[in-house]
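Novice: just to be clear, the model below is a prediction. Sequence and coordinates:
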2 protein chains.
Amino acid sequence: MSTGKLTIDLNAIAANWQALSKIAQVETGAVVKADAYGLGVAQVARHLATAGARQFFVAVAEEGVALRRALGSGPVISVFSGHMHGDADLIAGANLVPLINSVDQMLHHVEALPAHPFGIQLDTGMNRLGMEPSEWSALREIALAQNPTLLMSHLACADEVDHPMNEQQRALFDDMTQGLDVPRSLSATGGTLLGEDFHYDMVRPGVGLYGGLPFAAAQPVVTLDLPVVQIRDVAEGETVGYANAWTAVRPSKIATVSGGYADGLIRAMGAKARMHSDGIAVSVVGRVSMDLITLDVTDLPTPPKSLQLIGAHQSVDAVADAAGTIGYEILTSLGARYARNWRE
Amino acid sequence: MSTGKLTIDLNAIAANWQALSKIAQVETGAVVKADAYGLGVAQVARHLATAGARQFFVAVAEEGVALRRALGSGPVISVFSGHMHGDADLIAGANLVPLINSVDQMLHHVEALPAHPFGIQLDTGMNRLGMEPSEWSALREIALAQNPTLLMSHLACADEVDHPMNEQQRALFDDMTQGLDVPRSLSATGGTLLGEDFHYDMVRPGVGLYGGLPFAAAQPVVTLDLPVVQIRDVAEGETVGYANAWTAVRPSKIATVSGGYADGLIRAMGAKARMHSDGIAVSVVGRVSMDLITLDVTDLPTPPKSLQLIGAHQSVDAVADAAGTIGYEILTSLGARYARNWRE
């Protein structure tokens, strides 16, 4: 075994879903786009379906097809990018619900798949996906006559509890959807934690299911252990890695682990990152290379067989801090070479 | 089609291999680790084998097994991480050549797979993989008696032509291997370009095959086009994306494309990145999100159906500059959701 070992705790994912569902007290969907944030959409979605989830969300139709194969018929699978040209066969074949983003998509959908269910995505200020208020005003009677299954929008600043944008988007969403007798959804993980006003008829947590911020109470889900290829002694003054990026200031023991930026261990984390051996932290030295990372293990009592990047001693978000990014990117970057082990 | 379209020019890869082979004038291997730098190991390696490559290199035994399946018997497949515990069945079953990195690996290899071919990786100063000079002195007679197929090392600073480390590593490699009558290899792409003294019996280009620096004369290999999901008007003063990261300073048209950091479009590139529509550059605005990127397309003469991130108008290395990283990481991060099209 010369690859890293990625362990995914499916029961923790289900527990996080249940905890968010308890907070929301409304129907609780599950966002499983990007291969369930890098953790395996088939395993994750099946486990969540067993736990009671009935509404799943993906980014693109191709993901919906794979998810339908994993889940079978029954659960609702909605697609955030809506109905793109060329997707009619995928949408019909896998019985997906496109979340229509524009007048263009609406016209295309009704023409390509008349009577096929759809939802509507509204823009309330993020200016990324969804119909603008003016577009919605013009189209709304026609759209409602086709019985959309959901009216939804997405918050731009939900991770910042006190950001005025949250209330501004909520108020606009209210304006655009009040009294229409169609189920409504505004919030992902962040919005779910903003309180009852943000819950409407359904919440759609993503990152919180996978143990990431802003759901600080989440159970951790991921463990990542990287096997040590070899350990060497380097003398004071010797350099390690590409561009001689690190110089030993004392006689040191350097461990090389299997795992690098090709495995999603973002190169920018460089020497700011740490790993653990039985709870003792060791520092990355030199540059993260494509398949390998070097660490200073001089102070460990015994030579380690593997080092842990993510787990009990270091969260996904702590790794993200070292890399100057957010936990979401650490998760979705987790590479294809790891041996994945789903624990239930 | 709601995913990005990644086009890989296999003939360009073969042409780059031939160009490097012509420079080296010695046996020219091909490094195809990390799924051939994200471009598809089966397609790339088969094409290179047809072009004449007979020596392939991967990072870990698991990759070697997949590569053997793609290539069939015949080509030599060497494994940089050597012989790790638990890998004997993979190494024997797929007839891989482990590049032994330490006395530990040597003992383990001879015990687990006596008479199975192996090479030796020597450390000449990078302090990442391979036997130290002192280790090699102690082991060398025993190792040579087992007929290793290759003696190799790896340069730490080959991308900087004038770095004194290059000559220092070359001299040490000479010292450690002279007169031993075993084929020798020191250089990947960078070293191949440093001149004849660095070529020995075999060069092992990686990134240069895939169109990346430091092989400035490489033919470009990758084209990446992202479909536009929708285009909206935003008024002066409106914000776009997570955390309201961008504010319009004029009435603007904002295009949302399908593709984000879950597709390897590194979040750090943020608003420094550009894409192209028929050769006209447009700027990313706001944050790169998981599945989507927003761009200011106000100045385009016609609304684009897709935007190009990598291609004739912007190289892999130019994208890397925007993300504060190197072309290698852009390539190996290319995500699983793209529709891949191998052109030959």
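Specialist: Received it, and whenever you're ready, just let me know what you need.
Novice: find the centremost residue of chain A, please.
Specialist: In chain A, the residue lying closest to the centroid (C-alpha atoms, centre = their mean) is A:Tyr37, at 3.5 Å.
Novice: wasn't that residue part of a strand?
Specialist: No: checked against DSSP: H, G, I helix; E, B strand; the rest coil, A:Tyr37 lies outside a strand; its state is helix.
Novice: pLDDT score for it?
Specialist: Here the pLDDT value assigned to A:Tyr37 is 97.
Novice: A:Lys272 too?
Specialist: So A:Lys272 comes in at 85 (pLDDT).
Novice: now it: closest residue in space, sequence neighbours ignored.
Specialist: Excluding the flanking residues, the one nearest A:Lys272 by C-beta to C-beta, 6 or more residues apart in numbering or on different chains is A:Ala322, at 4.3 Å. C-beta here means a position set from N, CA and C on the backbone, and glycine is covered the same way.
Novice: quick one: contacts of whatever helix or strand that neighbour lives in?
Specialist: According to DSSP states H and E, A:Ala322 maps onto helix A:316-323. For helix A:316-323, contacts defined as C-beta atoms under 8 Å, 6 or more residues apart in numbering or on different chains pick out A:210-213, A:220, A:222, A:266, A:268-269, A:272-274, A:309-310, A:326-327, A:329-331.
Novice: selecting buried members of these in PyMOL, what would you type?
Specialist: In PyMOL syntax, the buried subset of those is picked out as below (16 or more other C-beta atoms under 10 Å in any protein chain shown):
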select buried, chain A and resi 210+211+212+213+220+222+266+268+269+273+274+309+310+326+327+329+330+331
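Novice: tell me the phi and psi of the closest residue to A:Gly64 other than its chain neighbours?
Specialist: Leaving aside its chain neighbours, A:Gly64 sits nearest to A:Leu96 (4.1 Å; criterion: C-beta to C-beta, 6+ apart). Taking degrees, to the nearest 10, you get phi -100, psi 150 for the backbone angles of A:Leu96.
Novice: and A:Leu96, how far is that from chain B?
Specialist: Applying C-beta to the nearest C-beta, to the nearest Å, the value for A:Leu96 to chain B is 11 Å.
Novice: for A:Leu71, see how far away that residue is.
Specialist: 12 Å (C-beta to C-beta, to the nearest Å).
Novice: so what sits against both of those two?
Specialist: Common neighbours of A:Leu96 and A:Leu71 (C-beta under 8 Å, 6+ apart) are A:Ile77.
Novice: between these two, which is the more surrounded one?
Specialist: Of the pair A:Leu96 and A:Leu71, A:Leu96 is the one with more neighbours under other C-beta atoms under 10 Å in any protein chain shown, namely 26 against 21.
Novice: which ones are touching that one?
Specialist: Applying C-beta under 8 Å, 6+ apart, the residues contacting A:Leu96 are A:Ala61, A:Gly64, A:Val65, A:Arg68, A:Ile77, A:Ser78, A:Val79, A:Leu90.
Novice: and the residue nearest to A:Arg232 when sequence neighbours are not counted, what are its phi and psi?
Specialist: Leaving aside its sequence neighbours, A:Arg232 sits nearest to A:Ile254 (C-beta to C-beta, 6+ apart; 5.4 Å). Per-residue torsions, A:Ile254: phi -110, psi 120 (degrees, to the nearest 10).
Novice: beta partners for A:Ile254?
Specialist: A:Arg232, A:Asp296 (DSSP bridges).
Novice: quick revisit: wait, the residue nearest to the centre of chain A touches A:Tyr210, no?
Specialist: Yes: using C-beta atoms under 8 Å, A:Tyr37 is in contact with A:Tyr210, at 4.8 Å.
Novice: need the overlap of contacts for the two.
Specialist: A:Leu331.
Novice: that older thread, return the subset of the contacts of A:Leu96 lying in strands.
Specialist: Among the contacts of A:Leu96, DSSP state E puts A:Ile77, A:Ser78, A:Val79 in strands.
Novice: which of those come close to chain B?
Specialist: A:Val79 (C-beta under 8 Å from any C-beta of the partner chain).
Novice: so can I have TSV of the ones in strands among the contacts of A:Leu96 showing neighbour count and pLDDT?
Specialist: Compiled in TSV, those are given as follows (neighbours: other C-beta atoms under 10 Å in any protein chain shown; pLDDT from 0 to 100):
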residue	neighbour count	pLDDT
A:Ile77	23	98
A:Ser78	25	98
A:Val79	31	98
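Novice: show me the shaky parts of the stretch 1-150 of chain A.
Specialist: For the stretch 1-150 of chain A, the stretches with pLDDT under 70 are A:1.
Novice: residues of it that sit close to chain B?
Specialist: Contacts of the stretch 1-150 of chain A with chain B, taken as C-beta under 8 Å from any C-beta, map to A:1-3, A:33-35, A:37-38, A:59-63, A:79-82, A:84-87, A:101-102, A:104-105, A:123, A:125-129, A:132.
Novice: run the last query once more with 7 Å
Specialist: Neighbours of chain B within the stretch 1-150 of chain A, by C-beta under 7 Å from any C-beta of the partner chain: A:1-3, A:33-35, A:59-62, A:81, A:84, A:86-87, A:101-102, A:126-129, A:132.
Novice: got a ChimeraX select line for the buried ones in these?
Specialist: Selection of buried members from the residues of the stretch 1-150 of chain A next to chain B for ChimeraX, criterion 16+ other C-beta under 10 Å:
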select /A:1,2,3,33,34,35,59,60,61,62,81,84,87,101,102,126,127,128,129,132
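Novice: any idea which element the spatially closest residue to A:Ile142 that is not a sequence neighbour lies in?
Specialist: Nearest residue to A:Ile142 in three dimensions, chain neighbours excluded: A:Met106, at 7.8 Å (C-beta to C-beta, 6+ apart). Element membership for A:Met106 (DSSP H and E) is helix A:103-112.
Novice: and that helix, what does it pack onto?
Specialist: In terms of contacts (3 or more C-beta pairs under 7 Å, 6 or more residues apart in numbering or on different chains; DSSP states H and E), helix A:103-112 is packed against strand A:97-100, helix A:133-145.
Novice: and the contacts of whatever helix or strand comes next after the longest one?
Specialist: If you walk from helix A:133-145 toward the C-terminus, the next helix or strand you reach (DSSP H and E) is strand A:151-152. The list of residues contacting strand A:151-152 from outside it, by C-beta atoms under 7 Å, 6 or more residues apart in numbering or on different chains, reads A:Leu99, A:Gly119, A:Ile120, A:Gln121, A:Leu122, A:Thr177, A:Leu180, A:Val182, A:Arg184, A:Ser185, A:Leu186.
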